[in-house]
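Colleague: Have a look; sequence and predicted model below, questions after that.
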Amino acid sequence: MTAATSRPILACQNCGGKHLESVLFLGYIPPVNTMPEIGSVAVEESAYPLELVRCKDCQLGQINLEVDPEVLFPYSYPYLSGTTRILRSNFADLQAEASPYVGLKSDDLVVDIGSNDGSLLINFKEAGYRVLGIDPSRAGEVARERGVETLTAYFGADTAKQVRKSHGAAKLVTAANVFAHIGKLHELVDGVLEILAEDGVFVSESHYLLDLVETLQYDTIYHEHLRYYHLTSLQALLAGHGLEVVRVKRIPTHGGSIRVYAARKGKMQVDASVTERLAHEKSFGLTDGSALRSFRQRVVQSKIDLYGLLGDLKRKGAHIYGIGAPSRASTLVNYIGLDDGILDYVLETSNSHKLGKYMPGTRIPVVDEARLFDDQPEYALLLSWHIAEELIANLRKKGFKGKFIVPLPEPRIVE
């Protein structure tokens with residue numbers, strides 16, 4: 001019998017509570033990095049149930065299945081954060097903001113968990129600080145080529161002890177869009193504390209549950225994201241480990257995220273931004289869960305509306321190309337039920353590791369963006385719809401003459 005590659009999560013990953021209520025079931029979805037080569041014979045592939053649930057005790061949003069990290073984050077993991085302009089800008093902003101706030105000095109160490117291609121740490125390195133990245137994928141090769149020291153490893157207690165022994169304590173530890181990815185949550189925070197200097201600061205950036213609900217970003221729910229944070233749930237988690245949230249800031253990455261600064265309790269003054277954000281979450285309905293109760297029906301209606309829009313266009317003989325193959329596109333494509341009879345291609349830029357592959361769970365080929373301008377299809381479906389304005393401007397500038405489809409929050413056509 002083949003060993004299982006996933007495990008159900010029957011309790012809250014934060015507080016251990018068993019009072020979990022279903023928010024949204026999205027079906028059986030393949031891992032976002034399951035992308036066979038174009039032309040390969042279709043073979044058996046894994047698909048895992050994907051459901052968002054909410055803990056009634058501490059309000060944490062989470063999925064209720066953990067897939068092995070080796071399945072989700074293979075060494076050949078194709079994603080490079082440096083290919084996204086908004087992330088590059090965000091990481092530069094983080095360095096400019098955090099360095100004076102934390103009081104970094106030239107000999108201080110900055111450690112980034114899930115450092116990918118070094119796009120965050122390169123800013124600190126160029127500012128004169130010691131840096132170390134920790135990442136299990138081949139993206140670390142790119143980081144090392146850029147001069148960013150990177151340890152190829154999954155982060156956990158053993159890795160944390162190894163880093164502390166070899167590099168000393170870190171004045172700043174960052175986890176940008178990975179704090180929701182690592183399975184053993186409390187071991188993760190303990191690992192951060194192991195590395196963190198007594199007067200150090202931990203900065204996490206996480207996709208914000210409030211933005212997810214408000215703008216209907218169900219496509220950001222996939223197996224890599226075990227948890228969906230808002231400040232209330234993050235504060236409860238960190239407090240349980242002796243860390244105090246001292247500052248919070250909303251940032252535009254991934255369609256809306258929060259940057260949260262935490263330090264050992266009593267080490268830093270708590271900024272007014274913390275109480276202001278907690279109050280906003282309460283009034284929005286995150287704290288009591290009321291904002292989530294209409295979320296499912298809104299998602300279902302959006303699915304029906306998008307499929308109807310695409311159906312009308314295909315009946316008229318239109319060609320539709322998808323633009324961008326981010327991880328979130330896999331959830332949207334599979335939940336809606338799109339295939340190569342609806343989307344002729346999905347297009348990526350020439351430096352993408354996803355070129356020459358099929359979209360997960362489909363036979364939709366991922367090809368070079370140049371095809372959009374050569375073929376001039378009638379419509380381009382923006383799968384990275386959260387940056388629609390930027391994409392539309394860029395593609396118009398490059399010469400695309402057709403119309404755009406923005407799938408969420410409500411499907412619409414942009415002339």
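Modeller: Sure, I can see it. Residues are numbered from 1 along each chain as shown.
Colleague: now the helices for the stretch 251-400 of the chain?
Modeller: Under the criterion DSSP state H, counting those that start in this stretch, the stretch 251-400 of the chain contains helices at 272-284, 290-293, 295-315, 327-336, 370-375, 388-398.
Colleague: Could you point out which of the ones you listed sits nearest Ala3?
Modeller: With distances scored as C-beta to C-beta, the stretch of those nearest to Ala3 is helix 327-336 (24.3 Å). Quick note: C-beta positions are derived from backbone N, CA and C, even for glycine.
Colleague: Looking at the helices of the stretch 251-400 of the chain, which is nearest to Pro136?
Modeller: helix 327-336 (16.1 Å).
Colleague: can I get the CA coordinates of the closest one in CSV?
Modeller: C-alpha atoms of helix 327-336 as CSV (Å, rounded to 0.1, in the frame of the first residue of the first chain):
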residue,chain,number,x,y,z
SER,A,327,-0.4,29.5,-7.9
ARG,A,328,-3.8,31.1,-7.4
ALA,A,329,-4.7,30.4,-11.0
SER,A,330,-4.8,26.7,-10.3
THR,A,331,-7.6,27.0,-7.7
LEU,A,332,-9.6,29.2,-10.0
VAL,A,333,-9.1,27.1,-13.1
ASN,A,334,-10.0,23.8,-11.3
TYR,A,335,-12.8,25.2,-9.2
ILE,A,336,-14.5,26.8,-12.2
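Colleague: Just the mean pLDDT for it, thanks.
Modeller: In this model, helix 327-336 has a mean pLDDT of 95.
Colleague: Run through the stretch 251-400 of the chain and note the low-pLDDT ranges.
Modeller: For the stretch 251-400 of the chain, no stretch has pLDDT under 70.
Colleague: Kindly recompute the last result at 90.
Modeller: 253-255, 293, 325-327, 351-353, 387 (pLDDT under 90).
Colleague: can you check the stretch 1-150 of the chain too?
Modeller: For the stretch 1-150 of the chain (pLDDT under 90), the answer is 1-4, 32-34, 45, 69-87, 136-140.
Colleague: ok, which stretches of it are helices?
Modeller: 69-72, 85-102, 121-126, 139-145.
Colleague: how many other residues sit next to Asp344?
Modeller: By the criterion of other C-beta atoms under 10 Å, Asp344 has 17 neighbours.
Colleague: Now do the contacts for it.
Modeller: The neighbours of Asp344, taking C-beta atoms under 8 Å, 6 or more residues apart in numbering as the test, are 319-321, 377.
Colleague: And for Lys401?
Modeller: Contacts of Lys401 by C-beta under 8 Å, 6+ apart are Gln376.
Colleague: Quick check: phi and psi on it?
Modeller: Dihedral angles phi and psi of Lys401 (degrees, to the nearest 10) take the values phi -110, psi -10.
Colleague: State whether Ile405 is indeed within a strand.
Modeller: Yes: judged by DSSP: H, G, I helix; E, B strand; the rest coil, Ile405 forms part of a strand.
Colleague: For it, which residues are in contact?
Modeller: 309-310, 320, 379-382, 411-414.
Colleague: ditto for Ile342
Modeller: Applying C-beta under 8 Å, 6+ apart, the residues near Ile342 are 310, 314, 320.
Colleague: Drop anything exposed from the residues you listed.
Modeller: Listed as buried from those are 310, 320; burial here means 16 or more other C-beta atoms under 10 Å.
Colleague: any idea which of the contacts of Ile342 is the one closest to Ser6?
Modeller: Closest to Ser6, out of all of those and judged by C-beta to C-beta, is Leu310, at 31.2 Å.
Colleague: Do I have it right that that closest one meets Ile320?
Modeller: Yes: counting by C-beta atoms under 8 Å, Leu310 touches Ile320, with 6.7 Å between them.
Colleague: shared neighbours of these two, anything?
Modeller: 342, 381, 405.
Colleague: can I get these in TSV with distance to Ala239?
Modeller: Below are the shared contacts of Leu310 and Ile320 laid out as TSV (distance: C-beta to C-beta, whole Å):
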residue	distance to Ala239
Ile342	47
Leu381	43
Ile405	44
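Colleague: follow-up on the earlier one: with distance to Leu238 added, can I get the contacts of Ile342 in JSON lines?
Modeller: JSON lines is the format used below for the contacts of Ile342 (distance: C-beta to C-beta, whole Å):
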{"residue": "Leu310", "distance to Leu238": "43"}
{"residue": "Lys314", "distance to Leu238": "49"}
{"residue": "Ile320", "distance to Leu238": "45"}
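Colleague: Let me know the closest of the contacts of Ile342 to Val41.
Modeller: Using C-beta to C-beta, the contacts of Ile342 come closest to Val41 at Ile320, 26.3 Å.
Colleague: residues touching the closest residue to the closest one other than its chain neighbours, list them.
Modeller: Nearest-residue entry for Ile320: Tyr379, 4.6 Å, with adjacent residues in sequence omitted and distances by C-beta to C-beta, 6 or more residues apart in numbering. Residues in contact with Tyr379, defined by C-beta under 8 Å, 6+ apart, are 313, 318-321, 402-405, 413.
Colleague: let's see 10 Å
Modeller: Neighbouring residues of Tyr379 by C-beta atoms under 10 Å, 6 or more residues apart in numbering: 309-310, 313-314, 318-322, 343, 402-405, 413.
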